[in-house]
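> quick one: sequence and predicted model below, then my questions.
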Amino acid sequence: MAESSGFDPQLALSHKFPETTYTYTERDSVLYALGVGACARDAVDDDELKYVYHANGEQFLQVLPTFAALFSLASFPNGFNLPGLEYDQRLLLHGQQYIELYRPFPSSGCVHNKVSLAGLHDKGKAAIIEYETKSYEKESGQLLCMNRSTVFLRGAGGFSKSSQPYSYSNYQTDKASTVKIPKTHPFAVFEDSTQPSQALLYRLSGDYNPLHSDPMVAKIAGFSRPILHGLCTLGFAVRAIIKCICKGDPNLIKSITGRFLLHVYPGETLITEMWLDDLRVIYQAKVKERNRTVLSGYVDVHRLTSSL
Ligand SMILES: CCCCCCCCCCCCC/C=C/C(=O)SCCNC(=O)CCNC(=O)[C@H](O)C(C)(C)COP(=O)(O)OP(=O)(O)OC[C@H]1O[C@@H](n2cnc3c(N)ncnc32)[C@H](O)[C@@H]1OP(=O)(O)O
């Protein structure tokens, strides 16, 4: 293993992240829902109108479970830095996302975030950092959700001090990487188009990384044009699962796991394939135009609806 100077994993592991708060309004929940394609095909879609409009007032709006991933936004105002780890922010890619949901989100609110380092791995050509964020409703102190976000830092590996590549995890299994896609026909398939402006809309939910909007930055990062946020693709896939498996009920979702396998260009068509394994929905999302799988994982649900 090549040794890189100045980065001490132990120092990084002892780093304490500041606690942060994230305040959102109904407007933010609606903007997020539109950003992940809700009601884009049908503005009066029975399953999705509730995320963007409610006849009795905004406080009755429902919030998509993947909105949880935004809570940690405030925790990284200057990028995903660890003491001593040098990397080119333009080469960062989102690798995986894991979300556990403990209660439905109110249409507006304020959450208190506690962030910690959940994993740090030297992959030689890349460093992988995993951040865990526990989000508590500020008023009640109740735990709302937990996010584990994996970032893949291209060019930042090679810091191991021994022949064994450095690897640390504070949890047992790397769930997203172990998902096996069944060989059988999917139980359900959902096709949805992203818009050419999808990333420009999604970024308004708080991730302003120019990789998703600036053609020059995208080129430096190795792409022919700006790419879609991974969390936007995940939002499309989970919305498809809520529609096809949960009969439109977002509160049936218990946890979400996803690994980003390949970039998506805004404007491409996403085909989400789903398989049922008891209370687990195994899924993969493909880009139709390139016939490539871009995301895979599974979603655990509390129960199945009787009509399935
Ligand atoms: C300021 C923003 C604040 C936001 C805060 C919100 C919360 C935090 C969320 C984080 C948000 C980050 C910013 C967002 C960025 C994006 O959205 S980028 C767009 C979405 N992501 C992608 O498009 C990435 C798609 N995937 C790929 O391009 C490739 O999979 C890869 C990541 C480049 C890896 O491919 P490759 O180099 O070919 O890897 P391999 O040789 O196959 O494997 C090497 C080892 O790495 C492990 N690995 C591979 N892929 C991943 C992955 N996706 N996640 C985690 N780990 C991965 C793999 O297992 C190998 O390990 P070993 O098996 O041990 O060798």
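Received, thanks.
> for the ligand, see how far away Asp47 is.
Separation of Asp47 from the ligand (C-beta to the nearest ligand atom, to the nearest Å) stands at 26 Å. C-beta here means a position set from N, CA and C on the backbone, and glycine is covered the same way.
> what about that residue, neighbour count?
Applying other C-beta atoms under 10 Å, we find 18 residues neighbouring Asp47.
> just after the longest helix seen in the chain, pick out the following helix or strand.
Ranked by residue count under DSSP state H, the longest helix found in the chain is helix 230-244. Heading C-terminal from helix 230-244, the first helix or strand you meet, by DSSP states H and E, is strand 253-260.
> what are the buried residues along stretch 281-299?
The neighbour-count check on stretch 281-299 (16 or more other C-beta atoms under 10 Å) flags 281-287, 294-299 as buried.
> same question for stretch 116-127.
For stretch 116-127, burial by neighbour count (16+ other C-beta under 10 Å) applies to 117-123, 126-127.
> now narrow those to whatever sits close to the ligand.
Filtering the buried residues of stretch 116-127 for neighbours of the ligand using C-beta under 6 Å from any ligand atom leaves Lys123.
> can you add pLDDT and secondary structure and give the buried residues of stretch 116-127 back as JSON lines?
Formatted as JSON lines, these follow (pLDDT from 0 to 100; DSSP: H, G, I helix; E, B strand; the rest coil):
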{"residue": "Leu117", "pLDDT": "94", "secondary structure": "strand"}
{"residue": "Ala118", "pLDDT": "95", "secondary structure": "strand"}
{"residue": "Gly119", "pLDDT": "96", "secondary structure": "strand"}
{"residue": "Leu120", "pLDDT": "96", "secondary structure": "strand"}
{"residue": "His121", "pLDDT": "96", "secondary structure": "strand"}
{"residue": "Asp122", "pLDDT": "96", "secondary structure": "strand"}
{"residue": "Lys123", "pLDDT": "96", "secondary structure": "coil"}
{"residue": "Ala126", "pLDDT": "96", "secondary structure": "strand"}
{"residue": "Ala127", "pLDDT": "95", "secondary structure": "strand"}
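> one step back: quick one: the longest helix of the chain to strand 253-260, angle?
Helix 230-244 and strand 253-260 meet at an angle of 140 degrees, taking axes from the mean of the first three to the mean of the last three C-alpha atoms, to 10 degrees as the criterion.
> right, is helix 230-244 up against the ligand?
Yes: Helix 230-244 lies within reach of the ligand by C-beta under 6 Å from any ligand atom, at Gly230.
> mind giving me the packing neighbours of that helix?
Secondary-structure packing of helix 230-244 (3 or more C-beta pairs under 8 Å, 6 or more residues apart in numbering; DSSP states H and E): helix 26-35, strand 92-101, strand 188-193, helix 198-202, strand 253-260, strand 269-277, strand 280-287, strand 292-301.
> the ligand is nearest to which of those?
Smallest distance to the ligand across the helices and strands packed on helix 230-244 (C-beta to the nearest ligand atom): 2.6 Å, for strand 92-101.
> mind putting the buried residues of stretch 281-299 into CSV with distance to the ligand and pLDDT?
Converted to CSV, the buried residues of stretch 281-299 look like this (distance: C-beta to the nearest ligand atom, whole Å; pLDDT from 0 to 100):
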residue, distance to the ligand, pLDDT
Val281, 20, 98
Ile282, 17, 98
Tyr283, 16, 98
Gln284, 13, 98
Ala285, 12, 98
Lys286, 13, 98
Val287, 11, 98
Val294, 7, 98
Leu295, 8, 98
Ser296, 10, 98
Gly297, 11, 98
Tyr298, 15, 98
Val299, 18, 98
